[in-house]
Every structure is written in C-alpha cells, then in structure tokens.
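Participant: how would this look folded up:
(chains A, B and C)
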Amino acid sequence: MNTLAVDVWRGGADGRFQEFPVPRRDAQTVLDVVTYIQRKLDPTLAYRFACRVGMCGSCAMTVNGRPRWTCRTHVSEVTADGRLRIGPLANLPIVRDLVTDMREFFDKWARAKGQFKATATRGQDFARIAPASRERRAIDAAIECIGCGVCYAACDVVAWNPDYLGPAALNRAWTLQNDPRDGARVERLAAVSGDAGCHACHTQASCTERCPKHLSPTASIAELKRASVLAVLKGEL
Amino acid sequence: MSARAESRLWLAQRASAAVLALCVAMHLATMIIAVRGGLTAAAILGRTRGSALWAAFYALFVLAVATHASIGLRTIAAEWLGWRGRAADGAFAGIGLALAALGAYAIVAVIR
Amino acid sequence: MSSWRNRGHAGYWAFLVHRLSGLALVVFLPAHFLALSQAIRGAGELDAFLAWTRAPAVVASEIAIVFALAVHLTGGLRLLFIEFVGWKSEAQKALIAVAGGVAAFCAIAFALNVV
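Facilitator: Residues are numbered from 1 along each chain as shown, chains lettered A, B, ... in the order given. Purely as a prediction, here's the structure:
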C-alpha cells in the first residue's frame, strides 16, 4: 500500500470528514500525515503540535476512534488497510478542524484546586520529605501528567456529566493531597467530592487505558474516594 | 445538592452495597437450593411463615435494596437521560420509598 | 468523535455489564415483590402464579436474572475492593474474569436445579 486514504475532520461541531490521499512512508507517524496534508494539500487545515517527540502533549487527537498523541503513533500501529480517520479530541468544544478549546479542561483543574498552596516561607527550614514514604511514592506515581487531555477525551463520565472535573484534574489533586507542605488539603478534598468530583467516577478506567504516560488516574481517584469517605465519617466534610 | 450531601449519598450506596453483598449471597444460595425439584408455595411459605428470623433478614434486604437501587437509578438518569436537579432527586427518593413499601408488603405476605 | 474502539477494553465491559444488570434487576424487582405478595391471599394464589413460571420462556428469563444478580454482586465486590482497598492495575483483568466466572457458575447451578 503506497497511499493512505485519510479522513480528516474539517470545520466545527457541525463539520464533516474530508478525505486526502497521503503517500505512505516508513516510520511515518500520524503527525507526519497531518503535517503533509497541511503543507502539501490544504494549507487551511488547522491543527496543533509543538515538540513532535512525545513531551508536550499538544498533538493529541482522535485517531481511528481513540485519543492518542499523534507524534508517537506510528501509522503502521493504527491501520492495517491504509485507512485513517483523524478528528479532534472528544469532550471538548471544537475551535476548527483538529483544534479544540482546552479552557474547560484547565478550568476544571483549577476548580479541583489543582494548585500547590504554600505554608512556609524562605525564612523557614526545608521541609523533610522521605522519598520512600507512602505519600511521596503516591505522588511520584501520578506526578508526570503533562495535561495533554487524552484521559479527559477518553472518559465517558466527562461526556455524560458536564460538571465532572475529569481524570487529569482529580489525579493532580491527589498528588497535592499527599504533599505535607500543602496548606489547602481540607478545601481541596471538599472541591473534589460529590457528583462533580471523584464520586462520579465509575472505574471504567479508559483514562488509565489511554494515558500516554501510563499513569493511572483511576488509582488516584479511588484513593480520593477513600479520603473523602473518611472525612465524611469523621464529620470533617 | 451540596458536595457534602452527594458524598453522603455515595457512601449510603456503598454501605447498602456491602449489606447487599451478604444478603444476595444468602439469597442466591437459598434460591439455588430451594428451586430443586420445583418451587411450590408450600416450600417457600413453610420456610418463611411465622419466622422472625426470615422477617428480619428480608426487612434488612428490602431496606438495603431500596436505598441502593434508588441512588443507582438517580445516577443513571443523570448520566444517560440528563435528568438532574431537585425534581429528579425527589422522584428517586420516591422510588426508594415505593420499593421499600412494595417489599414490606411482600414480606408481610410471606411471613404472616 | 470517541467510538466503541475507545471503549473496547475489559474495564469498560465490566462497567457496562454492571450497569445493565443493575437496571435489569431494578425493573424485575417490583414484579418480584408483587408475585410474592400473591401469598397474602393464601398459598393457593402463590401456587397458581408459580405454575406459570414453569413456562420455558419464563425459566430462561429467570436464569438470566439470576446471572444478572450474581454478576452484579461479583462486579460490585470488585468495585468495593477498588474503592476501599485500592486499584491495582495488574490485578484488574483477573478480577473481572473471576467475577464473570463465579457469576456464570451461580447461573449454571441455578439452571441445573430449575430445569
């Protein structure tokens, strides 16, 4: 097969797929395919990328129904018959073509109180954190998230529940809950509880299945559920 | 509903699930054994009539299932039908009560 | 944009089976309570109803409901484990398989006894 038949989403939510023929090459990635289309066939195609080496997460799109980093998806991995279907990430408003509006994704991060709140100043001594402690290991397992949105796009609860904060925001909140230096843990637990928070997760684990960094938001969310329940039972929530 | 109330609802659903785990295990065992050779009213009622123990067991079972099912239905309605809010909450509380009432009636029927 | 290819993994099927079995059970439950309450009019009324349940279509549905109950139980136990003990990625497929297996065993045991 020398030529790929590539369907690419054009327009907004009411757009449609447009087919392009793209020459097949060895070690070709889906990002190479999209770039070829924009440079050689249709300069009006809108898409995002930056590092193109699997570090920034900007190039995440829906490829043959699954959210993936297109720079790290070899064409040979995703097509047996030379057909590709490329669309924008799900669960986010479409700006145009393959570009989504990520504001809601990051707004939910903020609503989950996914920011560190300092309690010490430079005048005080360093905090002592044992690398092998249970809390630090829990943070290490979840901290590598780069906010690419793949988990958010993969999650059906995000699709069904507009207020649901989503796997990335909850995963980040969990890392902060384990940081003894953080001063917002009580408010954060309240922020991530309830029908918009961790309790809406049904453990389908599509997030864990699709995360390109092999993180497990499912695990983090399960821990948040336990922390929340303990707080309810102690009357703290 | 506040996040606090929703967390309590979630906890009630899990707590009733734990109770149901025991009740259902018992119920499955009873069914599989009882249905041998055909089920008759005499067989069922012979077991349950006048039994305070079965009455207590089924009462616990009915309360747990009314709690668990109504909260579960509320979630499904919110996610698959987009039905949320006070009216929905009221409706599913009502369904919980209705299930409990029907269950109580069934218990009275087989115990008395 | 998301499709069933995104959903085709074990954890997703486990969720779907759990939700659909729960729905089936809650639809069945009022009928179950009403059937039992026939006994309030005496054993004869209950027996008349039980005779109807010997029809093959009804027996097949009963086996299906027993499976729904068992699989909802075993799947639910898995969820309680995940939510109150913890999520262990490597164990999930095994847990799902065991849950399905035990439920199937219960349904078969029931089927062998009722037929």
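Participant: for chain B, what spans make up the strands?
Facilitator: Counting by DSSP state E, one finds no strands in chain B.
Participant: Contact residues of it facing chain C?
Facilitator: Proximity of chain B to chain C is confined to B:14, B:17-18, B:20-21, B:24-25, B:27-28, B:31-33, B:35-36, B:38-42, B:44-45, B:65, B:69, B:72-73, B:76, B:98-99, B:102-103, B:105-106, B:108-110, B:112 under the rule CB under 8 Å from any CB of the partner chain. (Glycine included, C-beta is placed from N, CA and C.)
Participant: Same check on chain A?
Facilitator: By the rule CB under 8 Å from any CB, the part of chain A lying against chain C is A:9, A:62, A:64-67, A:87-91, A:153-154, A:156, A:159, A:202-206, A:208-210, A:216, A:218-219, A:222-223, A:225-226, A:229.
Participant: Among those residues, name the buried ones.
Facilitator: Buried by 16 or more other CB atoms under 10 Å in any protein chain shown: A:9, A:62, A:64-67, A:87-91, A:153-154, A:156, A:202-206, A:208-210, A:216, A:218-219, A:222-223, A:225, A:229, out of the residues of chain A next to chain C.
Participant: So which other helices or strands are in contact with whichever helix or strand residue C:16 is part of?
Facilitator: For residue C:16, the element it lies in under DSSP states H and E is helix C:10-36. Judged by 3 or more CB pairs under 8 Å, 6 or more residues apart in numbering or on different chains; DSSP states H and E, helix C:10-36 is in contact with helix A:206-210, helix B:52-76, helix B:86-111, helix C:56-84, helix C:92-114.
Participant: Residue C:7: which of those is closest?
Facilitator: Proximity of the helices and strands packed on helix C:10-36 to residue C:7 was assessed by CB to CB; the nearest stretch is helix A:206-210, lying at 6.9 Å.
Participant: for the helix holding residue C:16, which positions count as buried?
Facilitator: With burial defined by 16+ other CB under 10 Å, the residues of helix C:10-36 counted as buried are C:10-12, C:14-15, C:17-19, C:21-26, C:28-29, C:33, C:35-36.
Participant: Next, the angle from it to helix C:56-84.
Facilitator: Angle, helix C:10-36 to helix C:56-84, by axes from the mean of the first three to the mean of the last three CA atoms, to 10 degrees: 130 degrees.
Participant: Around chain A, which positions in chain C sit nearby?
Facilitator: Counting by CB under 8 Å from any CB, chain C comes close to chain A at C:1-7, C:9, C:11-12, C:14-15, C:19, C:79, C:82-84, C:86-87, C:89, C:92.
Participant: Neighbours of residue C:89, how many?
Facilitator: Residue C:89 sits with 13 neighbouring residues when counted by other CB atoms under 10 Å in any protein chain shown.
Participant: Would you mind confirming that it makes contact with residue A:219?
Facilitator: Yes - look at residue C:89 against residue A:219 with CB atoms under 8 Å: they come within range, at 7.2 Å.
Participant: on that earlier part again, tell me the most buried of the helices and strands packed on helix C:10-36?
Facilitator: Mean neighbour count (mean count of other CB atoms under 10 Å in any protein chain shown) peaks for helix A:206-210 among the helices and strands packed on helix C:10-36, with a mean of 24.
Participant: now that helix, how far from the centre of its chain.
Facilitator: The chain centre lies 10 Å from the centre of helix A:206-210; the measure is CA atoms, centre = their mean, to the nearest Å.
Participant: Pick out the residue nearest the middle of chain B.
Facilitator: Nearest to the mean C-alpha position of chain B, counting by CA atoms, centre = their mean, stands residue B:65 at 1.9 Å.
Participant: Pull up the gap between it and chain A, please.
Facilitator: 20 Å (CB to the nearest CB, to the nearest Å).
Participant: I'd say that residue and residue B:21 touch.
Facilitator: No - under the criterion of CB under 8 Å, residue B:65 makes no contact with residue B:21, lying 11.9 Å away.
Participant: in chain B, which helix has the most residues?
Facilitator: helix B:3-34 (DSSP state H).
Participant: Next, the buried residues of that helix.
Facilitator: Within helix B:3-34, the residues that qualify as buried are B:3, B:6-11, B:13-14, B:16-17, B:19-21, B:23-24, B:27-28, B:31-32, counting by 16+ other CB under 10 Å.
Participant: do stretch A:22-38 as well
Facilitator: By 16+ other CB under 10 Å, the buried positions in stretch A:22-38 come out as A:22, A:28, A:29, A:30, A:31, A:32, A:33, A:34, A:35, A:36, A:37, A:38.
Participant: what does stretch B:79-88 give?
Facilitator: B:79, B:84, B:88.
Participant: re earlier: average model confidence for the longest helix of chain B?
Facilitator: Helix B:3-34 shows a mean pLDDT of 93.
Participant: list the helices and strands that helix packs on?
Facilitator: If you count contacts as 3+ CB pairs under 8 Å, 6+ apart, helix B:3-34 packs onto helix A:185-191, helix A:217-233, helix B:41-48, helix B:52-76, helix C:56-84, helix C:92-114.
Participant: any residues touching the fourth one, and which ones?
Facilitator: Counting contacts by CB atoms under 8 Å, 6 or more residues apart in numbering or on different chains, the residues outside helix B:52-76 that touch it are B:9-10, B:12-13, B:16-17, B:19-20, B:23, B:26-27, B:47-48, B:88-89, B:92-93, B:95-97, B:99-100, B:103-104, B:106-107, B:110-111, C:19, C:22-23, C:25-26, C:29.
Participant: If we use 6 Å, what do you get?
Facilitator: Contacts with helix B:52-76, where a contact means CB atoms under 6 Å, 6 or more residues apart in numbering or on different chains, come from B:9, B:12-13, B:16-17, B:19-20, B:23, B:48, B:92, B:95-96, B:99-100, B:103, B:107, B:111, C:22, C:26.
Participant: per-residue confidence averaged over it?
Facilitator: Average pLDDT, helix B:52-76: 96.
Participant: quick one: that helix to helix B:86-111, angle?
Facilitator: Here the directions of helix B:52-76 and helix B:86-111 differ by 160 degrees (the same axes, to 10 degrees).
Participant: On the strand side of things, show who residue A:86 bridges to.
Facilitator: residue A:8, residue A:63 (DSSP bridges).
Participant: How much space separates the residue most central in space within chain C from chain A?
Facilitator: Nearest to the mean C-alpha position of chain C, by CA atoms, centre = their mean, lies residue C:68 at 1.3 Å. In this view, residue C:68 and chain A are 18 Å apart by CB to the nearest CB.
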